[in-house]
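Trainee: here are the coordinates; sequence isn't available:
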């Protein structure tokens, strides 16, 4: 197992972690590791671990600084578009199930489109097991009212 394989594994692992950890940063470390994997196929690079680490850091920083904004537009989501709105993707007006009780000022959880989301209400408490209507979205937290 060569060093190229290890760097490729690290790259794929970082890109996979991006699916679990929001923020859109780890993805670029994955790109840096994949670029380093390609460079280790050059004999003198494959023999020098210090050079591989330097290339990894360089590729990661360059990809993060110069490509994040471009990729952010392609993979735009709540992490990059923090503005609250009322687009159809927000679910405003939809009725959802309350999974964990929402008691102001604390947040609870709702089930919406196959997953659970943080939710809060500006009005009265909403018990777990009841229904609520989405009135707005604040980043990844939904604002709901009793249905």
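Mentor: Perfect, thanks for sending it. Predicted model, so just to flag it, every value in this text is computed and none were measured. Numbering: from 1, shown residues only.
Trainee: Tell me where the model's unsure across this protein.
Mentor: 22, 72-89 (pLDDT under 70).
Trainee: ranges for the strands of it?
Mentor: For the chain, strands defined by DSSP state E occupy the ranges 95-100, 108-112, 115-121, 131-138, 141-146.
Trainee: Residue 40 is nearest to which of those?
Mentor: Proximity to residue 40 (C-beta to C-beta) singles out strand 115-121 among the strands of the chain, at 38.6 Å. In short, each C-beta sits where N, CA and C put it, glycine included.
Trainee: Residue 51 touches residue 43, doesn't it?
Mentor: No. Contact criterion C-beta atoms under 8 Å: residue 51 and residue 43 do not qualify, at 11.6 Å.
Trainee: which one of the two has more residues nearby?
Mentor: Set residue 51 next to residue 43 and count neighbours by other C-beta atoms under 10 Å: residue 51 wins out with 16 against 8.
Trainee: OK, contacts around the more buried one?
Mentor: By C-beta atoms under 8 Å, 6 or more residues apart in numbering, the contact set of residue 51 is 44, 45.
Trainee: Please repeat the previous calculation with a cut-off of 10 Å.
Mentor: Counting by C-beta atoms under 10 Å, 6 or more residues apart in numbering, residue 51 touches 36, 39, 40, 42, 44, 45.
Trainee: Got a quick ChimeraX command for the buried subset of these?
Mentor: Command for ChimeraX that selects the buried part of the contacts of residue 51, burial taken from 16 or more other C-beta atoms under 10 Å:
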select :36,39,40,45
